[in-house]
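Asker: Predicted model, plus sequence, below.
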Amino acid sequence: MPIDTSNDIVTLSLGTSSVKVALKGATVISYQHDGRERLFTSAKSNPSPSDKAAVRGGVPICWPIFGPPDLDNPLYAQLKQHGFARTGIWHLEDHHAADDTADGVKATFKLEPTPEIQAIYSQPFLLRYTVHLRPYTLSLSLAVTNPSSAIAPLHFQALLHAYFRLPDGVTPPEVRVTPLESLAFVDKVTGGEKGKETERRKVVDVDGPKGEVDRVYYRAPDHLELAFPTPTASASGSATDVLKVHKTNLPDVVLWNPGPEKGATIADMEEGGAGRYVCLEPGRVEPFEVLEPGSTWEGGIELSFA
Ligand SMILES: O=P(O)(O)OC[C@H]1O[C@H](O)[C@H](O)[C@@H](O)[C@@H]1O
C-alpha cells in the first residue's frame with residue numbers, strides 16, 4: 001500500500017523509501033531513504049494528538065511566527081514559541097500515488113482556524129502542506145492562503161525546522177555546511193541582539209561554545225549542503241555523505257544544535273539526543289511575509305542525497 005493512515009500518522013511508501021507524517025503539526029517524523037533513517041525524532045516525544053506538545057524532531061512547521069512572540073504586537077502576543085502550526089491537528093485532504101513510480105506518492109494536509117486556534121490568533125488563514133516522496137527525493141511544500149473574505153493582509157514568518165539525523169558515529173561538530181560564506185547572520189548564542197555579523201568561513205562547522213550553535217543566516221543560496229563524514233571515513237578521512245537541501249521561496253536559514261549540555265536540559269530530548277542531529281531550517285524569517293486577502297504564498301524544500 002503506497003499510503004497508510006493509522007494512529008493519526010500517514011505513511012507514504014515507495015520502493016524502499018518511506019515517509020511518516022503525524023497529523024499533529026503535519027510533522028514529518030520519519031524519512032527512510034536507501035535503508036537509513038534520515039531524520040531525528042526524540043524517543044521522548046509523542047506524535048499523538050492527545051499529547052499537546054510539538055514533536056521534538058522530524059520537520060516541525062513554524063508558523064505564523066518563528067521564535068518567541070513579539071509581546072508588544074497584540075496579533076502574536078498570545079502565541080507560543082514558533083506558533084501553533086506545529087501543534088495544530090491537521091487533516092489529510094488529498095493523496096495520490098502515480099502510476100509511474102518516478103512521479104512518486106503525494107499527500108496534502110490542511111489546517112484551518114479551530115476554536116482553540118481562534119482563542120489565541122484572530123486572523124483567518126488556510127494552510128496546505130504537501131509531502132511528495134519520489135524515488136530519490138522528498139519535497140515538502142507549505143502554502144499559505146489569506147482568504148478573500150479577510151479584511152487585512154496576513155503578516156507571517158514561516159520555517160521548516162528540519163532535524164537531520166547524523167549517520168551513526170558522526171557528531172555535530174564533524175558536520176560541514178555550505179555555502180554560507182559572506183552571508184549576514186545573527187548569532188543567538190553569543191548575543192545576536194548586538195546586530196548582524198558576516199560569515200567569513202567558506203565551510204561552516206556545527207560547533208560553538210559548549211557545542212551550541214544557533215544562527216539565523218539571511219538571504220542564503222537556494223542550494224545548501226550538509227556533508228557528514230561516513231563512519232568509515234572518520235577513520236580514513238576520505239568519504240562523505242552529502243545531504244542536499246534545495247529551498248524555494250524561503251530566503252533565510254537557521255543552523256541549530258544545542259550542544260550536549262543544553263541538550264540535556266531539553267525536557268523532551270532523549271538521552272544524548274542532541275548529538276544525533278543537526279537542524280538546518282530554511283524559512284522566511286525577516287522581514288515578515290505580507291499576504292493580501294485572496295492571495296496564496298508558497299515555500300518549500302526538496303531533500304536529496306549524493
Ligand atoms: O525548543 P523549540 O521551541 O522547539 O525550539 C528549538 C530551537 O528552534 C530554533 O532552531 C531556534 O533558533 C532555537 O533558538 C530554538 O532553541
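Answerer: Sure, I can see it.
Asker: helix/strand/coil for Trp173?
Answerer: If you look again at residue 173, you'll see it is Pro, not Trp. Following DSSP: H, G, I helix; E, B strand; the rest coil, the label given to Pro173 is helix.
Asker: That one: how many residues sit nearby?
Answerer: 16 (other CB atoms under 10 Å). Yep, even glycine has a C-beta here, placed from its N, CA and C like the rest.
Asker: quick one: the residue in the stretch 51-200 of the chain positioned nearest to the ligand from Thr5, how far?
Answerer: The stretch 51-200 of the chain approaches the ligand most closely through Gln81 (4.3 Å), counting by CB to the nearest ligand atom. Separation of Gln81 from Thr5 (CB to CB, to the nearest Å) stands at 29 Å.
Asker: Count the residues that sit near the closest residue to Ala220 other than its chain neighbours.
Answerer: In space, and not counting its chain neighbours, Ala220 is closest to Val253: 4.4 Å by CB to CB, 6 or more residues apart in numbering. For Val253, the neighbour count with other CB under 10 Å is 28.
Asker: repeat for Tyr121
Answerer: 18.
Asker: likewise the one 3 residues further on?
Answerer: Summarising burial for Pro124: neighbours were counted as other CB under 10 Å, giving 18.
Asker: so who does it touch?
Answerer: Neighbouring residues of Pro124 by CB atoms under 8 Å, 6 or more residues apart in numbering: 113, 146-147, 149-150.
Asker: so which of the residues you listed is the most crowded?
Answerer: Ranking the contacts of Pro124 using other CB under 10 Å puts Asn146 first, with 24 neighbours.
Asker: Who does the residue of the stretch 101-250 of the chain at minimum distance from the ligand form a beta bridge with?
Answerer: Closest contact between the stretch 101-250 of the chain and the ligand, by CB to the nearest ligand atom, is at Asp214 (4.7 Å). With DSSP bridges as the criterion, Asp214 is bridged to Trp256.
Asker: can I assume it is in contact with Val186?
Answerer: No: applying CB atoms under 8 Å as the test, Asp214 and Val186 come out as separate, 9.2 Å apart.
Asker: what sits opposite His246 in the beta ladder?
Answerer: Counting by DSSP bridges, the residues bridging with His246 are His223, Glu302.
Asker: if I read this right, it contacts Ser304, doesn't it?
Answerer: Yes: proximity of His246 to Ser304 meets the contact threshold set by CB under 8 Å, at 7.5 Å.
Asker: who touches the residue of the stretch 51-200 of the chain closest to the ligand in this structure?
Answerer: With CB under 8 Å, 6+ apart, Gln81 has these contacts: 67-69.
Asker: Looking at it now. What's its pLDDT?
Answerer: Looking at Gln81, its pLDDT stands at 98.
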